[in-house]
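Student: This is a predicted model, with the sequence first.
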Amino acid sequence: MGFIIIGVILLICLIACIKIVPESKVYVIERLGKYHATLNSGINFIIPFIDVVRSRVSLKEMVLDFPPQGVITKDNVTMKIDSVVYAKVFDAKLFTYGVENPRLGIETLAATTLRNLVGALDFDDTLTSRDRINSSLEATLDEATDAWGIKITRVEVKNIAPPSDILDVMQKQMTAEREKRQAVTEAEAHKQSVVMMAEGDKQAKVLQAEAERDAAIARAEGEAKSIQLRAEAEARALEMLTAANVSPEVLKLKGLEALKDVADGNATKIFVPTDLTDVISNVAIAGDSFKSGMENPAAKKAKPLDTTDKHMASAKNPRSESKIHQQAHLANQQMSAQQSALTDEEISIF
């Protein structure tokens, strides 16, 4: 029975000698009230009832989120800044014996350091200098916490809360700035639109001018070609007429037909053929002869009209039904009647 009790006691002591430390943790061991060793992760052995675990320290990175701190800027603007600190333990002995409450110590140190940094900045600089505040705060805290076995890895300013009246002013300023940017953007858009429209009108006018120029060139070339073709056709027609030995009578008849076509319509011009002028000149000679006979009653019998003249023959016997020949024929008849009356008077006188 006694051996069993001794065996149980030895088993309990053996178990008490073994200490298994989890990963990312260390144990601070005190022997007889004094720091003895730091046990790392894994299986460790201690002396039961003599070695005591003083603290269990986590080596993981800690996130210390502190409440907003009231600060005053250089231009006397009161605001609250909310910050967060990232830290980890690099020495379990210093962490255990260096400070009583590491979290409270870091929070107090962060608040005082933040007040010193913001107190040297204006309100506008505080809003736009977060990176500088973060780096300065990190360097100050890291240097101060080295004695506590704590490494400050990063410090971030989460939020800066100005007073409500400052927020109203800032909101109005931002609204005005946005409206200004909107007006500038609309002006630039209108400018670009006007420029693009002007460029489009310019290109359209240039294209229209080029089209009109090409059309004018095409019309001029067409007219030149037409004139050339007409001239060639007329030249060929004259060559054919010359080769065919056309009589003068046929040519005169064709000329009268051409005059008939020209006179047809609402034209106000009068075309007088050369044959008609010859006829009219003969009529004028006959009139002068008649006048001389009237002035000299003793004169001899007036010479009759020369009917052998080709123009008078055309007047007496018109070869076409054109108005010109008809008028010439009528004039010939009137002159014959006057000549007959004159002859009768001369006979009565004698």
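Tutor: Yep, it's here.

Student: Only the buried residues of stretch 80-90, if you could.
Tutor: Neighbour-count burial for stretch 80-90, counted by 16 or more other Cβ atoms under 10 Å, picks out 81, 83, 85, 87, 89. C-beta: built from backbone N, CA, C; applies to glycine.

Student: hmm, who's touching it?
Tutor: Where contact means Cβ atoms under 8 Å, 6 or more residues apart in numbering, the residues beyond stretch 80-90 that reach it are 57-71, 95, 106, 110, 114, 118, 137, 141, 145, 149-161.

Student: for the stretch 101-250 of the chain, which spans come out with low pLDDT?
Tutor: Filtered on pLDDT under 70, the stretch 101-250 of the chain yields the residue ranges 241, 244-250.

Student: mind listing the helices for it?
Tutor: Here the stretch 101-250 of the chain has its helices, by DSSP state H, counting those that start in this stretch, at 102-119, 123-128, 130-145, 164-244, 248-263.

Student: Kindly provide the distance from residue 6 to residue 16.
Tutor: Counting by Cβ to Cβ, to the nearest Å, the gap from residue 6 to residue 16 is 16 Å.

Student: who's more crowded, these two?
Tutor: When residue 6 and residue 16 are compared on other Cβ atoms under 10 Å, the one with more neighbours turns out to be residue 16, at 13 against 10.

Student: pLDDT value on that one, please?
Tutor: The predicted local distance difference test score for residue 16 is 77.

Student: I'd say it and residue 48 touch.
Tutor: Yes. A contact is recorded between residue 16 and residue 48 when judged using Cβ atoms under 8 Å, the distance being 3.7 Å.

Student: Which single one of the buried residues of stretch 80-90 is nearest to residue 214?
Tutor: Within those, proximity to residue 214 (Cβ to Cβ) peaks at residue 81, which comes in at 75.8 Å.

Student: Strand partners (parallel or antiparallel) of the one helix or strand that closest one maps to?
Tutor: Under the assignment given by DSSP states H and E, the secondary-structure element containing residue 81 is strand 78-89. Neighbouring strands of strand 78-89 in its sheet, by DSSP bridges, are strand 62-65 (antiparallel), strand 69-72 (antiparallel), strand 150-161 (antiparallel).

Student: Output those as TSV; include the columns mean neighbour count and distance to residue 235.
Tutor: Formatted as TSV, the strands paired with strand 78-89 follow (neighbours: other Cβ atoms under 10 Å; distance: least, Cβ to Cβ, whole Å):
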stretch	mean neighbour count	distance to residue 235
strand 62-65	13	110
strand 69-72	15	110
strand 150-161	17	102
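
Student: out of these, nearest to residue 212?
Tutor: When those are ranked by distance to residue 212, counting by Cβ to Cβ, first place goes to strand 150-161 at 69.2 Å.

Student: Excluding chain neighbours, what is closest to residue 148?
Tutor: Across the structure, with Cβ to Cβ, 6 or more residues apart in numbering as the measure, the residue nearest residue 148 apart from its sequence neighbours is residue 98 (4.1 Å).

Student: The one you found reaches residue 149, doesn't it?
Tutor: Yes. Using Cβ under 8 Å, residue 98 and residue 149 qualify as a contacting pair, with a distance of 5.7 Å.

Student: Which one's more surrounded, those two?
Tutor: residue 149 (20 against 16).

Student: Grab the nearest non-local neighbour of the more buried one.
Tutor: Residue 149's closest residue in space is residue 94 (Cβ to Cβ, 6+ apart), at 3.0 Å.

Student: count of neighbours near residue 136?
Tutor: The burial metric for residue 136, expressed as a neighbour count using other Cβ under 10 Å, is 17.

Student: residue contacts, the residue nearest to it when sequence neighbours are not counted?
Tutor: Spatial nearest neighbour of residue 136, chain neighbours left out: residue 117 (5.4 Å); criterion: Cβ to Cβ, 6+ apart. Contacts here follow Cβ under 8 Å, 6+ apart; on that basis residue 117 touches 133, 136, 137.

Student: surely residue 58 meets residue 24?
Tutor: Yes. Between residue 58 and residue 24 there is a contact at 6.3 Å, judged by Cβ under 8 Å.

Student: neighbour-wise, which of those two wins?
Tutor: Neighbours per residue, other Cβ under 10 Å: of residue 58 and residue 24, the larger number sits with residue 58, 14 against 11.

Student: Tabulate the contacts of residue 117 (CSV), appending distance to residue 176.
Tutor: Supplementary listing: the contacts of residue 117 in CSV, determined by distance: Cβ to Cβ, whole Å:
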residue, distance to residue 176
133, 27
136, 33
137, 33
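
Student: Nearest to residue 220 among those?
Tutor: The closest of those, once distances to residue 220 are taken by Cβ to Cβ, is residue 133, at 82.2 Å.

Student: The closest one and residue 144, how far apart?
Tutor: If you measure residue 133 against residue 144 using Cβ to Cβ, the figure is 16 Å.
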